[in-house]
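Q: no FASTA, just this:
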């Protein structure tokens with residue numbers, strides 16, 4: 001193995017290739033995902049985003065950040081503690097594999113029938129994410145999935161139904177990550193240089209940008225966050241958040 005194929009330059013080369021590939025191949029799914037969100041916003045709905053593990057970082061890209069949409073919620077495993085009174089000890093690394101927690105997280109959230117869901121899991125096979133997709137689909141919510149199609153197809157489902165996130169989504173956004181996520185092979189069979197967070201964040205931001213473009217073209221004002229670290233940011237955000245009082249939350 002050529003050690004020259006490992007390191008910062010090699011990693012950036014892989015990322016640049018994936019960014020180009022994902023941005024081109026996912027243009028149509030991004031447009032269709034944006035259409036779902038625009039329809040939800042026009043119906044006075046909220047975007048509910050859920051991801052466990054590192055995928056929670058992508059839910060943070062969607063809900064409650066500068067430049068993002070204000071009518072958004074981030075659902076998380078810790079909601080069981082923050083809003084459900086469960087002991088902190090429940091938050092183990094195995095929790096995301098438990099299908100039963102999805103119903104509890106959903107029931108704790110301020111969900112409206114008009115809401116759309118963005119569910120994020122690069123593997124797309126763990127019990128909590130598949131069960132969340134199952135129950136929100138059963139309740140009539142549209143589901144946008146951000147996942148790795150290649151990884152998901154290579155893994156057995158950990159849900160009793162045998163289904164995976166990509167089997168349940170109305171729109172699948174493929175982050176292009178390889179099986180195992182990391183792109184740089186290391187001697188001994190290991191690998192380094194994970195990419196799914198970068199390409200999934202790219203997809204999330206592409207969808208938001210497309211939502212904003214669609215609303216502007218229709219003469220509508222997109223409800224967007226300003227950075228709290230610019231003058232007037234807090235005041236702007238609080239004024240818009242007030243329109244969705246009781247329907248969005250900004251927890252830890």
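A: Here it is on my side, so go on. Note that this is a predicted model, so its numbers are computed, not measured.
Q: can we go C-alpha only for contacts and neighbour counts from here?
A: Will do.
Q: what's the longest helix in the protein?
A: When the chain is parsed with DSSP state H, its longest helix is helix 196-217.
Q: buried residues in it?
A: Within helix 196-217, the residues that count as buried by 16 or more other CA atoms under 10 Å are 196-197, 199-212, 214-215.
Q: How are the helices of the stretch 151-252 of the chain distributed by residue range?
A: 165-168, 196-217, 233-241 (DSSP state H, counting those that start in this stretch).
Q: Show me what the second one is packed up against.
A: Going back to what we said before, that points to helix 196-217. The helices and strands touching helix 196-217, judged by 3 or more CA pairs under 8 Å, 6 or more residues apart in numbering; DSSP states H and E, are helix 8-25, helix 27-42, helix 56-62, strand 143-147.
Q: want to try TSV for those, with mean pLDDT, distance to residue 225 and mean neighbour count as columns?
A: Below are the helices and strands packed on helix 196-217 laid out as TSV (pLDDT from 0 to 100; distance: least, CA to CA, whole Å; neighbours: other CA atoms under 10 Å):
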stretch	mean pLDDT	distance to residue 225	mean neighbour count
helix 8-25	96	24	14
helix 27-42	98	15	20
helix 56-62	95	11	23
strand 143-147	98	22	28
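Q: Minimum distance to residue 78: which of these has it?
A: Of all the helices and strands packed on helix 196-217, helix 56-62 sits nearest to residue 78, with 10.7 Å by CA to CA.
Q: possible to save the helices and strands packed on helix 196-217 as a markdown table with distance to residue 237?
A: Converted to a markdown table, the helices and strands packed on helix 196-217 look like this (distance: least, CA to CA, whole Å):
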| stretch | distance to residue 237 |
| --- | --- |
| helix 8-25 | 30 |
| helix 27-42 | 17 |
| helix 56-62 | 15 |
| strand 143-147 | 26 |
